[in-house]
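Here you go, sequence then predicted model.
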Amino acid sequence: MTKTTPIFIHFSFYITFFLFPIHANSQLIAQEQGILLNLKQLWGNPKSLKHWIPTNSSSHCSWPEITCSKGSIIGLSFRDYNISGTIPPFICNLKNLTTFDVYNNSFHSIEFPRDLYNCSKLETLDLSQNYFYGAIPDDIHRMSSLQNLSVEGNNFIGNIPASIGRLTKLRRLMLVQCPFTGSFPPEIGNLSNLEELGLAYNYKMVPSLPSEFGKLKKLKFLWMAGTNLIGEIPNTIGEMAALEHLDLSENSLTGKIPDSLFVPKNLRIVYLHKNKLSREIPQVVKALNLDVVDLSENNLTGTIPDDFGKLRNLTGLALFLNQLSGKIPDSIGRLPRLVNLKLFNNNFFGSLPPELGRYSMLERLWVSTNKLTGQLPEHLCDNGKLVEVLAYENQLVRELPKSFGNCSSLELVKIYRNKFSGNIPSGLWTSSNLNMLMLSDNYFTGELPERLAWNLSRLEMNNNRFSGRIPQGVSSSRNLLVLKASNNLFNGTIPQDLSRLTTLLLDRNRLSGPLPSDINSWKSLNTLNLSRNAISGQIPEEFGSIPGLLELDLSKNQLFGLIPSKLGLLKLTSLNLSSNHLTGSIPSEFENDAYAYSFLNNSGLCANRPSRSLNLENCSSHRQNSSKTSYKLIAWIIGLVVAILLGLFISFFVIRNYKKRKHGLHLTWKLTSFQKLNFTESNILSGLTEDNKIGFGGSGQVYRIVINHFGDTIAVKKIWNNSKIEEKLEKEFMAEVKILSSIRHANIVKLLCCISSDKSKLLVYEYLDNCSLDRWLHRNNRVTTFSSPVNHVVLDWPKRLHIAIGAARGLSYMHHDCSLPIVHRDVKSSNILLDLDFNAHIADFGLAKMLIKEGEPSTMSVVAGSFGYIAPEYARTTRINEKIDVYSFGVILLELTTGRKANYGDEHTSLAEWALRHIQDGKPIGHP
């Protein structure tokens with residue numbers, strides 16, 4: 001008995017020692033499974049977790065969201081699970097949890113989930129793309145084990161705490177796309193183990209790039225796009241020896257690109273586009289592993305560094321929208337991995353590298369709007385990968401490369417406005433993937449093939465020397481929407497089956513025969529221009545059955561007979577049937593001033609309700625006269641009278657123009673250009689004739705001048721020459737030149753040049769075809785022979801919204817993006833000009849003023865502006881700031897939404913006051 005007891009005791013001890021951990025581990029596994037099931041219930045049993053059904057005590061370790069190690073949970077991942085709710089504190093009862101990832105769900109909380117501090121082993125925390133609010137807490141450093149922290153795409157506010165620099169184990173930090181304020185804490189530079197840093201798209205921050213970031217020796221990835229960065233890029237950027245990916249794009253960085261930036265030998269990606277960087281690109285490049293370099297949309301000058309030709313791994317080079325010049329190095333064409341070369345909108349000259357495409361899988365060549373000469377390289381498509389060629393607006397010559405005829409990969413070719421000649425390679429017309437072919441304004445010859453590429457959606461070939469018939473097979477291109485072939489030598493008849501087209505321009509050719517009788521099947525047609533041909537016969541009644549037709553020009557043909565009454569049912573914005581042999585009454589829908597120039601030179605036409613602007617006879621008197629008088633006698637008398645009047649008219653203007661030109665010859669003219677010009681001073685001066693006058697205002701006359709045989713058109717404002725107002729207009733002239741020559745924006749009218757003498761001032765602008773907004777809103781009748789007749793119906797809502805957005809962007813640029821804010825002071829609907837696509841362009845800067853400092857108002861002794869648009873506080877105080885323009889823009893919005901003029905009401909009230917009264921009275925103010 002006494003001998004067996006000690007043996008039993010020892011045996012019991014060892015059994016307990018070995019079985020206790022097993023029992024304890026079983027308890028832990030069961031406990032963790034219970035935590036998961038509670039979590040599922042707390043989150044409302046989401047469908048994405050419906051498989052969380054335990055089959056045994058450890059089955060949860062097989063669920064895809066769970067990572068286990070030695071039977072214990074170490075990771076939870078719920079990426080893209082569409083879960084909503086909060087993060088409970090009992091998560092940290094998972095004592096071994098190292099990873100918690102809830103990326104892209106609908107979790108919410110009014111503050112950062114500080115309960116996670118209790119997860120002492122947590123290394124990875126990803127709260128990205130949720131709905132967390134509040135500030136990142138100052139004691140975030142208590143999560144001392146963190147190696148990966150990502151909170152991007154939430155609503156965290158306030159400053160990024162400096163204490164984040166005490167998370168010394170961090171290897172990845174993503175604080176992207178949150179409404180943080182303040183500046184980036186330089187303490188981030190203390191994170192010596194950091195490899196990835198994302199601070200992009202924090203749009204409320206106005207920081208500079210901390211030089212302390214240069215201490216991040218292990219950093220491989222730096223992403224700070226769209227964070228309002230200002231100032232210069234610090235030289236310490238080159239001290240990041242491990243840097244591979246650098247993205248500082250879409251900021252306001254200025255100054256020179258530091259030479260040190262291209263030093264890190266591991267650097268592969270450089271994105272610096274959309275900044276305000278200037279001066280030359282560093283000429284010495286030691287980062288020979290570069291893969292992509294994007295320095296586009298800056299103010300860089302100088303040449304492309306020769307060292308770029310040594311970058312054997314380079315696949316993409318983007319330098320477009322800068323002020324670079326010189327030749328493109330030939331070595332660029334020999335880079336073996338080059339895929340994308342984008343150099344458009346610079347001042348490069350000379351020939352393209354002759355070996356481009358020979359050694360690499362080149363896909364995109366974008367070199368438009370430069371001063372390039374010579375031919376397109378023959379080898380561009382040698383490797384069969386070429387997709388896009390954009391080389392328009394250069395001085396390239398001769399024929400296209402023959403290899404284009406075998407380049408089935410091509411999708412987009414834009415080479416208009418060059419000096420190309422010869423025939424198009426036959427295979428290009430039918431290239432299987434070709435979607436867009438734009439050849440206008442060259443000297444191409446030859447005929448269209450019987451069939452076109454089946455995938456082709458847009459073919460533009462205006463102003464060339466193409467000839468022959470337009471084959472019926474053109475309709476074989478099942479996706480063809482736009483065919484523009486104006487001003488060529490095409491002959492024959494118009495194809496019948498073009499039912500998918502939205503735009504057809506065949507004006508200024510040699511087409512003959514009747515109009516297509518089956519044209520009512522062209523259901524998608526919006527624009528049709530067949531003017532200046534020899535088309536004969538009657539206008540088919542079917543024209544009135546094209547539901548979407550908006551623009552119709554059949555002028556200067558040999559059409560006769562009646563105008564179909566159904567034509568009046570169309571909602572045409574532009575109609576021109578002038579210079580034909582049409583007879584009878586015009587449809588009643590056209591008897592208004594919007595169509596004043598639609599029926600000129602058709603002696604047989606009349607109107608039931610004639611007006612002075614229509615210049616047509618009353619149909620009843622027309623019929624009476626016809627029954628009493630011989631048509632031949634009337635024609636003879638009218639012809640004689642017209643000839644005499646025409647002779648007197650011509651003599652008068654010849655003598656007057658001779659006197660003007662004689663006077664002009666004695667003036668010394670000075671031309672100052674602000675853009676690349678394709679016209680001369682003499683083109684402008686010779687075009688200042690009465691026939692070209694299209695309008696006038698308080699400060700001068702406006703002319704529309706065609707400057708070349710391509711039909712390129714400009715607008716010229718001639719300042720009034722009157723000694724009494726000379727000083728005032730001199731100030732307006734200088735204000736407009738100073739402002740428009742210093743700014744460049746898609747929604748601000750482009751000033752091309754100014755021409756001045758001792759007695760005259762001329763401002764030359766781009767011509768905008770759709771006139772001013774007020775003509776469309778208020779049916780202004782000041783239409784000339786050259787101006788497009790505006791629609792007699794209101795603009796549709798999408799166009800109005802598009803116009804409003806464009807004008808707002810232009811004003812925003814003037815107020816916030818210029819070196820000194822510009823206040824227009826006369827924003828009104830007549831100063832919003834519209835191009836063919838109804839893009840808004842702000843014009844007439846004669847009253848504009850640059851503020852001395854941003855946000856600092858100045859004063860004027862008199863009130864400037866137009867009644868109805870002037871802010872009341874400005875009228876009272878004459879203090880100038882950006883709010884003046886904002887008020888005026890609000891009035892334009894009221895015009896767009898109500899259709900009423902800004903001075904609507906009596907002589908003492910305005911549209912804004914009328915709208916306010918209606919709102920106060922609970923009345924609607926929408927379009928009447």
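Now that the structure is in, tell me what you want to look at. Residues are numbered from 1 along each chain as shown.

switch to C-alpha atoms for all contacts and neighbour counts from now on
Fine.

can you give me the strands in the stretch 701-850 of the chain?
713-719, 751-756, 761-766, 822-823, 832-834, 840-842, 849-850 (DSSP state E, counting those that start in this stretch).

If you average pLDDT over each of those, which is lowest?
Lowest mean pLDDT of the strands of the stretch 701-850 of the chain: strand 849-850, a mean of 57.

give me every residue that touches His839.
No His there; residue 839 is Asn. Shown in contact with Asn839 (CA atoms under 8 Å, 6 or more residues apart in numbering): Asn747, His802, Ile803, Gly806.

give me that answer again for 7 Å
Shown in contact with Asn839 (CA atoms under 7 Å, 6 or more residues apart in numbering): Ile803, Gly806.

again with Asn96
Taking CA under 7 Å, 6+ apart, one finds Ser72, Ile73, Ile74, Lys121 in contact with Asn96.

how about the nearest residue to the last one, chain neighbours excluded?
Right, Lys121. The shortest distance from Lys121 to any residue other than its chain neighbours is 5.4 Å, reached at Thr98 (CA to CA, 6 or more residues apart in numbering).

burial measure for the one you found, as a count.
21 (other CA atoms under 10 Å).

now the one 10 residues further on
Other residues within reach of His108, judged by other CA under 10 Å, total 18.

Show me what the helix or strand containing it is packed against.
Element membership of His108, judged by DSSP states H and E, is strand 106-109. Using 3 or more CA pairs under 7 Å, 6 or more residues apart in numbering; DSSP states H and E, the elements in contact with strand 106-109 are strand 84-85, strand 131-135.

Would you map the helices across the stretch 751-900 of the chain?
773-778, 797-812, 872-877, 883-898 (DSSP state H, counting those that start in this stretch).

Could you do the chain as well?
Here the chain has its helices, by DSSP state H, at 4-42, 426-429, 619-628, 631-665, 681-686, 726-740, 773-778, 797-812, 872-877, 883-898, 911-920.

coming back round to it: what's the most buried one of the strands of the stretch 701-850 of the chain?
strand 840-842 (a mean of 27; mean count of other CA atoms under 10 Å).

excluding its backbone neighbours, what's nearest Leu37?
Going by CA to CA, 6+ apart, Leu37 has Trp52 as its nearest residue, at 7.5 Å.

wait, Lys523
Leaving aside its sequence neighbours, Lys523 sits nearest to Ile546 (CA to CA, 6+ apart; 5.5 Å).

neighbours around the one you found, how many?
Neighbour tally, Ile546, other CA under 10 Å: 20.

what's the answer for Leu37, then?
Around Leu37 there are 16 residues (other CA under 10 Å).

measure it to Phe90 for me?
Separation of Leu37 from Phe90 (CA to CA, to the nearest Å) stands at 12 Å.

didn't Ala843 look like it was pressed against Ser829?
No. Contact criterion CA atoms under 7 Å: Ala843 and Ser829 do not qualify, at 10.0 Å.

Just checking, which helix or strand of the chain averages the lowest pLDDT?
Lowest mean confidence among the helices and strands of the chain (mean pLDDT, DSSP states H and E): strand 858-859, at a mean of 46.

per-residue confidence for Thr877?
pLDDT, read off for Thr877, is 48.

what do you get for the one 10 residues further on?
pLDDT, Tyr887: 90.

which non-adjacent residue is nearest it?
Ala871 (5.8 Å).

and the one you found, how many residues sit next to it?
Counted with other CA under 10 Å, the neighbours of Ala871 add up to 20.

So Leu222 sits against Leu194, correct?
No. Leu222 is beyond contact range of Leu194, at 10.2 Å (criterion: CA under 7 Å).

These two - which one has more neighbours?
Leu194 (24 against 19).

And the pLDDT at the more buried one?
So Leu194 comes in at 97 (pLDDT).

what residues are up against it?
Leu170, Arg171, Arg172, Leu216, Lys218, Leu219.

With Asn683 instead?
Asn683 neighbours (CA under 7 Å, 6+ apart): Ile707.

same check, this time on Thr668
Listed by CA under 7 Å, 6+ apart, the contact set of Thr668 reads Ser757.

The closest residue to Thr236 other than its chain neighbours: neighbouring residues, count only.
Among residues not flanking Thr236 along the chain, Gly214 sits closest, at 4.8 Å (CA to CA, 6+ apart). Look at Gly214: counted by other CA under 10 Å, it has 17 neighbours.

so Gly214 makes contact with Asn235?
No. Between Gly214 and Asn235 there is no contact under CA under 7 Å: 8.5 Å.

From the centroid of the chain, which residue is nearest?
Computing the C-alpha centroid of the chain and ranking residues by CA atoms, centre = their mean puts Ala746 first, at 8.0 Å.

gap between that one and Leu768?
From Ala746 to Leu768 the distance is 13 Å (CA to CA).

for Ser211, same thing?
On the measure of CA to CA, Ser211 and Leu768 end up 48 Å apart.

For my notes, please list the strands of the stretch 701-850 of the chain in JSON lines and give distance to Thr573 for each entry.
Putting the strands of the stretch 701-850 of the chain into JSON lines (distance: least, CA to CA, whole Å) gives the following:
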{"stretch": "strand 713-719", "distance to Thr573": "21"}
{"stretch": "strand 751-756", "distance to Thr573": "28"}
{"stretch": "strand 761-766", "distance to Thr573": "22"}
{"stretch": "strand 822-823", "distance to Thr573": "34"}
{"stretch": "strand 832-834", "distance to Thr573": "14"}
{"stretch": "strand 840-842", "distance to Thr573": "18"}
{"stretch": "strand 849-850", "distance to Thr573": "36"}
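
For Leu288, which of these is the nearest?
Leu288 lies closest to strand 751-756 among the strands of the stretch 701-850 of the chain, at 41.6 Å (CA to CA).

packing partners for the closest one?
strand 670-673, strand 761-766.
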